[in-house]
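J.: Task: produce atomic coordinates for the following.
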Amino acid sequence: MKVEREKGEINTELEQLRTLMKQFEEKSVLCETHKAHQAEQADVPKNIELIEKTGERKHMRGSLDLVATELLRERKAYVLCHVLRNETDEEYTKNIVIDGACMRTPEEDIKWAEEQAELEAAAAKGGGKKAPAGKKK
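T.: Numbers count the residues shown, from 1 in each chain. Here you go, the predicted structure:
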């Protein structure tokens, strides 16, 4: 009885360890893919720009001598992006997204995925955070 119970406990622990090993192996593959992507992008010239949520570019290159308060507006949100050129030599922007997957543990990945799903659901409903309730008179 005791031997079989201990054997069952050991098998359970082994399964947990195998699951953790698989998660970390997947994370390692993700890190290698990210590393290869970074190596590809290292030699590509970069043109970085700020864009308002409305899509208006701030043309940072032409305004390097300005103070930030002269160029940027108060209480506005800006998105950092790359300025790229297509086949017809027209400029377009691509948002810079920092995922951070290589730095998270598998447990943190699960929490992050849940948070992203909640944020997407809130965005689909058309609202972010709820407004605070007003005081009763």
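J.: Centre of the chain to the helix or strand harbouring residue 110, how far?
T.: Element membership for residue 110 (DSSP states H and E) is helix 106-125. The chain centroid and the centroid of helix 106-125 are separated by 11 Å under Cα atoms, centre = their mean, to the nearest Å.
J.: and it, C-alpha only, in PDB?
T.: Below are the C-alpha coordinates for helix 106-125, written out as PDB (Å, rounded to 0.1, in the frame of the first residue of the first chain):
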ATOM      1  CA  PRO A 106       5.200  30.000 -18.300                       C
ATOM      2  CA  GLU A 107       3.000  30.900 -15.200                       C
ATOM      3  CA  GLU A 108       3.200  34.600 -16.100                       C
ATOM      4  CA  ASP A 109       2.300  33.800 -19.700                       C
ATOM      5  CA  ILE A 110      -1.000  32.200 -18.500                       C
ATOM      6  CA  LYS A 111      -1.800  35.400 -16.500                       C
ATOM      7  CA  TRP A 112      -0.800  37.600 -19.300                       C
ATOM      8  CA  ALA A 113      -3.000  35.800 -21.800                       C
ATOM      9  CA  GLU A 114      -5.900  36.100 -19.400                       C
ATOM     10  CA  GLU A 115      -5.300  39.800 -19.000                       C
ATOM     11  CA  GLN A 116      -5.100  40.300 -22.800                       C
ATOM     12  CA  ALA A 117      -8.300  38.400 -23.300                       C
ATOM     13  CA  GLU A 118     -10.000  40.700 -20.700                       C
ATOM     14  CA  LEU A 119      -8.600  43.800 -22.400                       C
ATOM     15  CA  GLU A 120      -9.800  42.700 -25.800                       C
ATOM     16  CA  ALA A 121     -13.200  41.900 -24.400                       C
ATOM     17  CA  ALA A 122     -13.400  45.400 -22.800                       C
ATOM     18  CA  ALA A 123     -12.300  47.000 -26.100                       C
ATOM     19  CA  ALA A 124     -14.900  45.100 -28.100                       C
ATOM     20  CA  LYS A 125     -17.600  46.400 -25.700                       C
END
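J.: mind listing the strands in this protein by residue range?
T.: Applying DSSP state E to the chain gives strands spanning 48-52, 78-85, 91-95.
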